[in-house]
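S.K.: Prediction below, plus the sequence it came from.
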Amino acid sequence: MVTAHLWADWAAVFAFGWVAAMMPGPDTAMILRNCLVFSRRDGRFTAIGIATGMCVHATLALVGIGVLIAQSLLAFTIVKWVGAVYLIVIGLRSLRARRPPAADPDQPHRPASQGLGAGTAFRLGLLTNLLNPKAPLLFLAAFTQIVHPGTPLGAQAVFGFTIAATALGWYILLTTFLAQDAVRGRLAAGAHWVERVAGGVFIALGVRLAFTHAR
């Protein structure tokens, strides 16, 4: 039977998940880039990939691997540098974006053939989240503050899934807003500049990640 205490803990996790999702970072930057430059569908599959990565981090935290990454300087450094290189490479590729050919003003969206594709968008979101060494710290912060030795394992799993689900909900709302014709129509002509700016953001995030310390 679910106790009032567990419901209160779940509510705290729910609020924590929303606040964490709305904080700017690599995940949000990747969704903005894929949604604005390509399509809402690509943005949403990117969000699903990110949420899947969060589920992986939650599982790792539950089995103790998240603690290893957080406490081991070597493990943290490896994940940090792989993630930093990944973001910088994506950023450099985005900086090379070229102005698209003139298009019908009544068709602001790119042709589907020029989109990322569901698999690529999902993979970009998944890797962006998995290669962020701060992600395990996020779950450990939530679990150490809310989860206690008496918390059932099933409840802990629900807590981890809740963080991923709230993040996915926020990102779906974000992509829905960005996909509005009023927004995309204004940005369509400058889509290559949007991608270039996103590239600069990715490079900056990668550099900042490279100088991140475990403690």
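M.R.: On my side now, so go ahead.

S.K.: Quick check: buried residues in the helix or strand hosting F14?
M.R.: Using DSSP states H and E, F14 maps to helix 4-22. Buried residues in helix 4-22, defined by neighbour count with 16 or more other CB atoms under 10 Å: L6, D9, W10, V13, F16, G17, A20, A21. To be clear about C-beta, it is placed using only N, CA and C from the backbone, and glycine gets the same treatment.

S.K.: can you give me the angle the longest helix along the chain makes with helix 4-22?
M.R.: The residue-count maximum for a helix in the chain (DSSP state H) belongs to helix 153-178. Calculated by axes from the mean of the first three to the mean of the last three CA atoms, to 10 degrees, helix 153-178 forms an angle of 30 degrees with helix 4-22.

S.K.: name the helices or strands packed onto helix 153-178?
M.R.: When contacts are defined as 3 or more CB pairs under 8 Å, 6 or more residues apart in numbering; DSSP states H and E, helix 153-178 packs onto helix 4-22, helix 26-37, helix 40-63, helix 134-146.

S.K.: Between the ones you listed, which one is closest to G115.
M.R.: helix 40-63 (5.4 Å; CB to CB).

S.K.: Return the list of helices and strands in contact with that closest one.
M.R.: Against helix 40-63 (3+ CB pairs under 8 Å, 6+ apart) you get helix 26-37, helix 65-71, helix 118-130, helix 134-146, helix 153-178.

S.K.: Now C35: closest residue in space, sequence neighbours ignored.
M.R.: Take C35 and drop its neighbours on the chain: the residue closest to it by CB to CB, 6 or more residues apart in numbering is G43, 2.8 Å away.

S.K.: Could I get the contacting residues of the one you found?
M.R.: I31, L32, N34, C35, L36, A121, Y171, L174, T175, L178, A179 (CB atoms under 8 Å, 6 or more residues apart in numbering).

S.K.: Same list as before, these that is, but in CSV and with distance to G150 included.
M.R.: Shown next, in CSV, are the contacts of G43 (distance: CB to CB, whole Å):
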residue, distance to G150
I31, 37
L32, 41
N34, 42
C35, 42
L36, 46
A121, 41
Y171, 33
L174, 37
T175, 39
L178, 43
A179, 44
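
S.K.: quick one: which of those residues is nearest to A61?
M.R.: Nearest to A61 among the contacts of G43, with distances taken as CB to CB, is Y171, at 20.8 Å.

S.K.: related to what we said a few turns ago, any idea which of the contacts of G43 is closest to S94?
M.R.: For the contacts of G43, the nearest to S94 is N34 (10.5 Å; CB to CB).

S.K.: Quick check: the gap between the closest one and A118.
M.R.: In this view, N34 and A118 are 11 Å apart by CB to CB, to the nearest Å.
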